[in-house]
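Asks: fold the following.
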Amino acid sequence: MTQYFDPNPLTPSDRKTIPYRANGINFEFYTDTAVFSRNEVDFGTNLLIETLIKDIKSRGPKMERFVDLGCGVGVVGIVIKSCFMAFDVTGVDINSRAVALARENSINNGVNCRFMSSDVMFALRDEHFDIIATNPPVRAGKKTVFEFYEQAYERLIPDGYLYVVLQRKQGAPSTMEKLKELFGNCETLSIDGGYRVMRAKKV
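Replies: Residues are numbered from 1 along each chain as shown. Model (predicted):
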């Protein structure tokens, strides 16, 4: 069975459009088979977006480089770019179908984001960023999820932030331990519906 983290999904295409609203802005996203959360913006991603917007606003947004890691059809990156137009937004995903949809969605929602096919952050190995946000692919296994965190740490500038959303039953406690090991800190910013949004700062 094709998974949303397969590089080249073979499942026959069956596109659809889903609506979404964040920060007073209406969006429409194209989705398809074999991409993450094809029927709606999932609860965890929505909580991540709400928390990101609130936290970025509290710090006073400036021109920052942002990565939507494991971007799927581009929801997080497109919403963040729409809310913070000065941001330079990149999204990466291993799933080529999802990346193609993310590029379409960026155009359809009137923002200029860069979306790239990449195994974790390998395609960005020569770049550094201020903010990285991820709803990691828990079905791909803990080794892959922890690789997301390790590569994010390497790609962040000093004082950069990593944001992660996970359910407790999907490994939020072990993620917090891993982030504390990597970054020396990790705090929970939001908890809702069994999900928590965690933030670690590179110091």
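
Asks: this structure: strands as residue ranges?
Replies: Using DSSP state E, the strands assigned to the chain run over residues 16-22, 25-31, 65-69, 88-93, 114-117, 129-134, 156-167, 187-192, 195-201.

Asks: quick one: which of those is nearest residue 103?
Replies: strand 114-117 (5.0 Å; CB to CB). C-beta: built from backbone N, CA, C; applies to glycine.

Asks: can you pull out the helices in the chain?
Replies: In the chain, the helices defined using DSSP state H lie at 43-59, 75-83, 96-108, 142-155, 172-183.

Asks: which of those sits most buried?
Replies: helix 75-83 (a mean of 26; mean count of other CB atoms under 10 Å).

Asks: chain center to that helix, what's the gap?
Replies: 10 Å (CA atoms, centre = their mean, to the nearest Å).

Asks: low pLDDT regions in the chain?
Replies: Counting by pLDDT under 70, the chain shows low-confidence ranges at 1-5.

Asks: at 50 what do you get?
Replies: Scanning the chain for pLDDT under 50 picks out 1.

Asks: list of residues touching stretch 84-94?
Replies: Residues from elsewhere that reach stretch 84-94 (CB atoms under 8 Å, 6 or more residues apart in numbering): 5-7, 56, 61-72, 74, 76-78, 80-81, 99, 102, 111, 113-121, 123-124, 129.

Asks: mind redoing it with 6 Å?
Replies: Stretch 84-94 is contacted by residues 5, 7, 61, 63-68, 70-71, 74, 77, 81, 99, 102, 113-116, 118-119 when judged by CB atoms under 6 Å, 6 or more residues apart in numbering.

Asks: again with stretch 40-60
Replies: 18, 20, 22-23, 75-76, 79, 83, 133, 135, 163, 165, 189-190, 192-193, 195, 197.

Asks: for stretch 71-85, measure first residue to last.
Replies: This stretch, stretch 71-85, spans 18 Å end to end (CA to CA, to the nearest Å).

Asks: same question, stretch 76-96
Replies: End-to-end distance for stretch 76-96, by CA to CA: 17 Å.

Asks: so how far is it off the chain centroid?
Replies: 8 Å.

Asks: repeat for stretch 179-198
Replies: On CA atoms, centre = their mean, the centre of stretch 179-198 falls 15 Å from the chain's centre.

Asks: now the residue nearest to residue 32 when sequence neighbours are not counted. Its backbone dihedrals?
Replies: Excluding its sequence neighbours, the residue lying closest to residue 32 (CB to CB, 6 or more residues apart in numbering) is residue 15, at 4.9 Å. Main-chain torsions, residue 15, degrees, to the nearest 10: phi -70, psi 150.

Asks: all set, thanks.
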